[in-house]
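*Asks:* make a model of this:
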Amino acid sequence: MKKYLVGGAVRDRLLGLPDSDQDWVVTGATPEDLLNQGYRQVGADFPVFIDPKTGYEYALARTERKSGHGYGGFEVQFDPTVSLEDDLARRDLTINAMAEAADGELIDPYGGQKDLQARLLRHVSPAFVEDPLRVLRVARFAARFHGLGFRIAEETMALMRELADSGELAHLVPERVWQETTRALGEKTPDVFISVLHECGALRVVFPEIEALFGVPQRADYHPEVDTGVHLLLCLRQAAEMQLSAPARVAVLLHDLGKGITPAHVLPSHRGHESAGVPLVEGVCERLRAPRQVRDLAVLVCREHLLVHTVFQLRDETVLKLLDRADAVRRAERFHDCLSACEADARGREGLSDQPYPQAAYLRDVAKAVGAVRPGTTDGLSGAQIGQQLQALKLQAVKEVHARWKEEGIWHEQ
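*Replies:* Numbers count the residues shown, from 1 in each chain. The predicted model follows:
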């Protein structure tokens, strides 16, 4: 029995990056061998075991043969005769198909180290096309390593296009699509993930609502980049640079879906795209089984982002209604994420990435003031009257913040 460090940990060490999670492959062993040594088996499909001392995952070397559709349509073989090279051959990219022996020797049968040096994302074998999830994985790695100068090999991109055209992507399990997408959105250049999927044709299958944004024009006076798809890419880059939370990044990804269904005869105007986009956002979140809190934030940003942008043009009463709809006082953290997503939207425009966004600070100030309001004397008042009194006090708080901003010279006339 031999143990080898494999995959991302080996790759990242060679790149000089911080250690990633350590995964190990075991050759020349059976499940009983590991169980007898105290390892704990996890999962029913694959022979993966947890070392009780280190917590590391050890997987028996295995081979996979395509037997059906989608990510799970494989027959798996594992026994002591499966070699390390056999196991590495089933992996997606050469840079992920390297191993390190106990004595530090690098085992690299498919040229991963050479591709690391060339900054190339290249598939291991033609079996790449047997797993449609690899399209999303390669796009995610392209986003992760974009800053290091990595690019996708032309022959690998050709296989990704082949997969996108094959219909196999339609068989992906929603949870895996969601997992790969949210992991990609957490990278420093999440826009690259969407760009790659668009380029290879996978976006129209996995996210047709996002694909519909590309080529759709916007008013150049508001959006110098014009193309709505390009705007989305700029927004995602801003979301990463602003280090937005994971739910806020999803909200940025979905905030403009309504522009993809704007009737052609009214372009480049997109009046009402906020409300038109809400059902689309809900549909994507339902299809991918996104957590409820993520869906709620994405819907909020989609529905309200234009009002947030134009808050300095709104009546105080309208501002208070916006806060009420957003439940800004009780859900302060969500409202903070909403404003951050709106800021990424405003900055995600060509040549405007450094512009100030006082709208966010103003609305946080207003929400804080409204949250501090307490009912006055309620003697002789009914329930409805108490509610009316409280609303009047909240409106007064909005007016006071409005007046203070103007007095201090930080109000932005637009």
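*Asks:* contacts, neighbours, all on C-alpha from now
*Replies:* Noted.
*Asks:* now do the strands in the chain.
*Replies:* 2-6, 23-27, 40-42, 48-50, 57-60, 63-66, 74-77, 99-100, 106-107, 120-121, 151-152 (DSSP state E).
*Asks:* buried residues of the first one, list them for me.
*Replies:* Counting neighbours by 16 or more other CA atoms under 10 Å, one finds that the buried residues in strand 2-6 are K3, Y4, L5, V6.
*Asks:* what's next to stretch 20-27, contact-wise?
*Replies:* Contacting residues not belonging to stretch 20-27 are listed as 1-9, 12, 56-61, 80-84 [CA atoms under 8 Å, 6 or more residues apart in numbering].
*Asks:* I'd like to know which of those are buried.
*Replies:* Here, 16+ other CA under 10 Å leaves 3-9, 12, 57-61, 82-84 buried among the contacts of stretch 20-27.
*Asks:* worst mean pLDDT among the strands of the chain?
*Replies:* When the strands of the chain are compared on mean pLDDT, strand 74-77 scores lowest, with a mean of 63.
*Asks:* OK, contacts around the closest residue in space to L280 that isn't next to it in sequence?
*Replies:* Distance criterion CA to CA, 6 or more residues apart in numbering; nearest residue to L280, sequence neighbours excluded, is L257 at 6.6 Å. The neighbourhood of L257, defined by CA under 8 Å, 6+ apart, consists of E209, I210, L213, H273, G277, L280, V281.
*Asks:* ok, the second one - how many residues close by?
*Replies:* With neighbours defined by other CA atoms under 10 Å, the count for I210 comes to 24.
*Asks:* list the contacts for it?
*Replies:* So I210 contacts L203, R204, G229, L254, L257, G260 (CA under 8 Å, 6+ apart).
*Asks:* the fifth one now?
*Replies:* Contacts of G277 were listed using CA under 8 Å, 6+ apart, and they are H255, D256, L257, G258, K259, C302, R303.
*Asks:* what do you get if the cut-off is 6 Å, keeping everything else the same?
*Replies:* L257, G258 (CA atoms under 6 Å, 6 or more residues apart in numbering).
*Asks:* on that earlier part again, looking at the buried residues of strand 2-6, spot the one nearest P47.
*Replies:* The closest of the buried residues of strand 2-6 to P47 turns out to be K3 (CA to CA; 14.3 Å).
*Asks:* which strand residues bridge that closest one?
*Replies:* Legend: beta-bridge partners of K3 under DSSP bridges are V26.
*Asks:* from the contacts of L257, which land in helices?
*Replies:* E209, I210, H273, G277, L280, V281 (DSSP state H).
*Asks:* for the first one, which non-adjacent residue is closest in space?
*Replies:* What sits nearest to E209 in space, not counting adjacent residues and going by CA to CA, 6+ apart, is L257, at 6.2 Å.
*Asks:* shaky segments in the stretch 201-350 of the chain?
*Replies:* In the prediction, the stretch 201-350 of the chain carries no residues with pLDDT under 70.
*Asks:* pretty sure T189 sits against F145.
*Replies:* No: if you go by CA atoms under 6 Å, T189 and F145 don't touch, sitting 8.6 Å apart.
*Asks:* which one of the two is surrounded by more residues?
*Replies:* Applying other CA under 10 Å to T189 and F145 shows that T189 carries more neighbours, namely 25 against 18.
*Asks:* pLDDT score for that one?
*Replies:* The per-residue pLDDT reported for T189 equals 97.
*Asks:* do the same with A392
*Replies:* If you check A392, the pLDDT there is 89.
*Asks:* and the residue nearest to L280, how far from K114?
*Replies:* Distance of L257 to K114, computed by CA to CA, to the nearest Å: 41 Å.
*Asks:* do the same with H265
*Replies:* Note on H265: its distance to K114, by CA to CA, is 52 Å.
*Asks:* got it, and T81?
*Replies:* 28 Å.
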